[in-house]
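K.L.:
got a sequence here, can you build the structure:
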Amino acid sequence: MTPIRKQYLTAAQSALDLLRGPAVAAAWEAASALEGFTVGGLAAHLASQITSGAAALEADFGGKDVIGVLDHYERARASWLEADVGNDYNTAIKDRGNAEAGAGPGEVAAAAEAALKTLHERLPGLGDGALGGVGRWAYATSLDDFLVTRIMELVVHADDLAVSVGVATPEFDADAFDTAAWVLTRLAARRHGQAALVRALARAERAPDSITAL
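P.N.:
The predicted structure follows:
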């Protein structure tokens with residue numbers, strides 16, 4: 001099994017442990033730290049980073065162009081990136097998460113757990129040429145590139161959810177965290193420039209106010 005697939009499985013388990021925590025269930029209907037998401041909606045969105053991994057194993061990507069992971073984040077391809085929080089794409093993501101939260105915390109976590117079980121069973125047997133993606137995307141990626149995008153989402157939204165319910169943010173496996181940090185660093189450099197990123201990380205006296213990647 002490739003290193004990225006192993007990282008994804010460990011990251012998904014860390015997120016699932018958070019999803020199953022009593023603090024999440026207790027605050028399910030409350031507003032989250034992300035505008036427009038309830039805690040339950042945000043939890044469902046986090047869970048979807050696991051269920052979408054399992055769904056990709058069943059998807060038919062025939063006829064779609066296969067692009068690289070960083071191409072996915074080009075603004076024309078990832079409509080949520082650098083977009084206004086209230087745009088149609090971002091609103092649809094929130095609406096979907098909030099709707100899926102209607103199943104309740106137990107069902108949302110159970111669906112993610114079942115998906116993770118499937119992933120543990122099937123990922124080791126898939127070849128390097130396996131494809132991934134989400135059905136609504138007009139393109140596909142390699143499966144490993146798709147899982148890179150899911151790792152980043154798991155790391156970022158686990159922090160969002162933990163902050164929302166007042167618990168510690170999960171400590172992810174170092175390799176999985178490195179993968180998420182690589183994506184975020186590349187996006188931050190694209191958005192703000194390499195110099196801004198270097199200064200923020202190495203030179204506090206001339207660091208910019210923000211180097212947010214998203």
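
K.L.:
which parts of the chain are strands?
P.N.:
65-67, 131-132, 139-142 (DSSP state E).

K.L.:
so which of those strands is the most packed in?
P.N.:
strand 131-132 (a mean of 22; mean count of other C-beta atoms under 10 Å). Heads up, the C-betas are built off the backbone N, CA and C, glycines and all.

K.L.:
neighbouring strands - and their directions - for that one?
P.N.:
strand 139-142 (antiparallel) (DSSP bridges).

K.L.:
right, and the strands of the chain - which one's nearest residue 190?
P.N.:
With C-beta to C-beta as the criterion, residue 190 lies closest to strand 65-67 of the strands of the chain, at 15.9 Å.

K.L.:
name the residue most distant from the centre of this structure?
P.N.:
residue 205 (32.4 Å; C-alpha atoms, centre = their mean).

K.L.:
how close does residue 43 get to residue 33?
P.N.:
If you measure residue 43 against residue 33 using C-beta to C-beta, to the nearest Å, the figure is 12 Å.

K.L.:
neighbour-wise, which of these two wins?
P.N.:
Between residue 43 and residue 33, counted using other C-beta atoms under 10 Å, residue 43 has the larger neighbour count: 32 against 14.

K.L.:
what sits against that one?
P.N.:
For residue 43, the contact set (C-beta atoms under 8 Å, 6 or more residues apart in numbering) comprises 19, 24, 28, 101, 105, 108-109, 161.

K.L.:
hmm, 6 Å instead?
P.N.:
When contacts are counted by C-beta atoms under 6 Å, 6 or more residues apart in numbering, residue 43 touches 19, 24, 108, 161.

K.L.:
and for the third one, the neighbour number?
P.N.:
What it means is residue 108. A count of neighbours around residue 108, defined by other C-beta under 10 Å, yields 28.

K.L.:
now do the same for it: its pLDDT.
P.N.:
pLDDT, residue 108: 97.

K.L.:
next one: the second one
P.N.:
The predicted local confidence for residue 24 comes out at a pLDDT of 98.

K.L.:
shouldn't it be in contact with residue 166?
P.N.:
No: if you go by C-beta atoms under 6 Å, residue 24 and residue 166 don't touch, sitting 10.5 Å apart.

K.L.:
export the worst-scoring helix or strand of the chain on mean pLDDT as CSV, just CAs?
P.N.:
Least confident helix or strand of the chain, by mean pLDDT, DSSP states H and E, is helix 88-100 with a mean of 77. Extracted in CSV, the C-alpha atoms of helix 88-100 (Å, rounded to 0.1, in the frame of the first residue of the first chain):
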residue,chain,number,x,y,z
ASP,A,88,-23.1,29.5,-4.4
TYR,A,89,-20.5,26.7,-4.2
ASN,A,90,-19.6,27.3,-0.6
THR,A,91,-23.3,27.7,0.3
ALA,A,92,-24.0,24.4,-1.3
ILE,A,93,-21.3,22.7,0.7
LYS,A,94,-22.7,24.0,3.9
ASP,A,95,-26.3,23.2,3.0
ARG,A,96,-25.2,19.6,2.2
GLY,A,97,-23.4,19.2,5.5
ASN,A,98,-26.2,20.7,7.5
ALA,A,99,-28.7,18.5,5.7
GLU,A,100,-26.6,15.3,6.3
